[in-house]
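1. output the structure for:
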Amino acid sequence: EITPMDFSKLTLEKMVLKPDQKQIDETLENLANAHKTSEPITAKRKTKSGDVCVIDFVGKLDGVEFAGGKAEGYQLELGSGSFIPGFEEQLIGVDVGADIEVKVNFPAEYAAKDLAGKEAVFDVKVHEIREAKPAPIDDELAKKAGLESLDALKERIVEGQRREFDQMARMQVKRVLLDQLADNHDFEMPPKMVEMEFDNIWAQFEEQRKQEQAHDHDHDHDHDHDHAHDDKSDEEHKAEFRDIAERRVKLGLLLSEVGRANAIQVSQEDVNRAMMQEAQKYPGQEQQVLEFFRSNPQAQEQIKAPVFEEKVIDY
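-> Modelled structure (predicted):
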């Protein structure tokens, strides 16, 4: 017999998001940097890291040009690391109009096998220096990001913050709600159910402990990091897990009773939505995951439980 309490007596606080201006500005700055523009500089000076150099280059192995090692009017940002290591560094501190011989070693794991690990010489001509500037933060930038105005872009950023925040806020409210429900109900529980739940928790704990011991064994030299929960005896662990098992069974029975009494149903549509969400966690394998669910009624049943729980929590 389960007699649910009067739920109107519960008080819950839910956090709401105050948009974080600093985070919005940072996101906009990152976007502006991703859409850099560059303008030729008029002053006479040598190249420095961060400059965009307009160059022609021809690469040679043992004096012979190789395929794909040649370009004209190429815009290279110095210090961006987009060319093989050592290349950009040799173009720092040179004048416009300079002809430079750049010597580099292709990395051993370079994608083009015939170049991997080889030493190459590039003849480089420096045509102009351009100064890279972040794109201005305006409606134009928003359009590059696929939105119609800067305000719409800011709104989109806040929306992203809010989505993440709402998920966390909901989890927090749910935890407080479950605590209050556990504290406000007392009924006798089927010992078998508690036993099974306890066995599950204990098996998981043993498994985790085995992995940690294996991990520690691999790192025998660093004795400093004794695991915190090794100071408890098995008896203490068991007492703790028994409480958790009782709480889980109590809440499970209570929620299913609330769901039954208030005709809360999980529709096929709800199950489909949950399966889609699960499938999205495995990019590229969505089809296989959905197939697995379709051909596996037991897996569908398992996915129903958390969906039902969330609906009762909403109620």
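
2. packing partners of the biggest helix by length in the chain?
-> Counting residues, the longest helix found in the chain (DSSP state H) is helix 150-184. Secondary-structure packing of helix 150-184 (3 or more C-beta pairs under 8 Å, 6 or more residues apart in numbering; DSSP states H and E): helix 21-34, helix 139-144, helix 234-261. (Glycine included, C-beta is placed from N, CA and C.)

3. can you name the next helix or strand after the last one?
-> Right, the one you point to is helix 234-261. The first helix or strand that comes after helix 234-261 along the chain, using DSSP states H and E, is helix 268-280.

4. now do that following helix, average pLDDT.
-> Across helix 268-280, pLDDT averages out at 91.

5. helices or strands up against that helix?
-> Helix 268-280 packs on helix 286-294, helix 297-314, going by 3+ C-beta pairs under 8 Å, 6+ apart.

6. so which of the ones you listed is nearest K143?
-> helix 286-294 (31.3 Å; C-beta to C-beta).

7. distance from the closest one to the middle of the chain?
-> Offset of helix 286-294 from its chain centre (C-alpha atoms, centre = their mean, to the nearest Å): 23 Å.

8. by contact count, what packs against that helix?
-> Under the contact criterion of 3+ C-beta pairs under 8 Å, 6+ apart, helix 286-294 touches helix 268-280, helix 297-314.

9. re earlier: buried ones in the longest helix of the chain?
-> If you call a residue buried by 16 or more other C-beta atoms under 10 Å, then helix 150-184 has these buried ones: L150, L153, K154, I157, V158, Q161, F165, A169, L178, Q180, L181.

10. how far off centre is that helix?
-> 17 Å.

11. same check on stretch 137-156?
-> Mean C-alpha position of stretch 137-156 versus that of the full chain (C-alpha atoms, centre = their mean) differs by 24 Å.

12. need the residues that contact it.
-> Stretch 137-156 is contacted from outside by I24, L28, E29, L31, A32, H35, A135, using C-beta atoms under 8 Å, 6 or more residues apart in numbering.

13. can you rerun that using 10 Å?
-> Contact with stretch 137-156 is made by 19, 21, 24-25, 27-29, 31-32, 34-35, 134-135, 157, as judged by C-beta atoms under 10 Å, 6 or more residues apart in numbering.

14. buried ones among these?
-> I24, T27, L28, L31, A32, P134, I157.

15. identify the farthest-apart pair in these.
-> P134 and I157 (16.7 Å).

16. picking up where we left off before, quick check: what element follows the longest helix of the chain along the chain?
-> Criterion used, DSSP H and E; the element after helix 150-184 is helix 191-218.

17. how about that following helix: buried residues?
-> For helix 191-218, the neighbour count (16+ other C-beta under 10 Å) marks M193, V194, E197, F198, I201, W202, F205 as buried.

18. which residue lies nearest the spatial centre of the chain?
-> When C-alpha atoms, centre = their mean is applied to the chain, the residue found nearest the centroid is K281 (11.2 Å).
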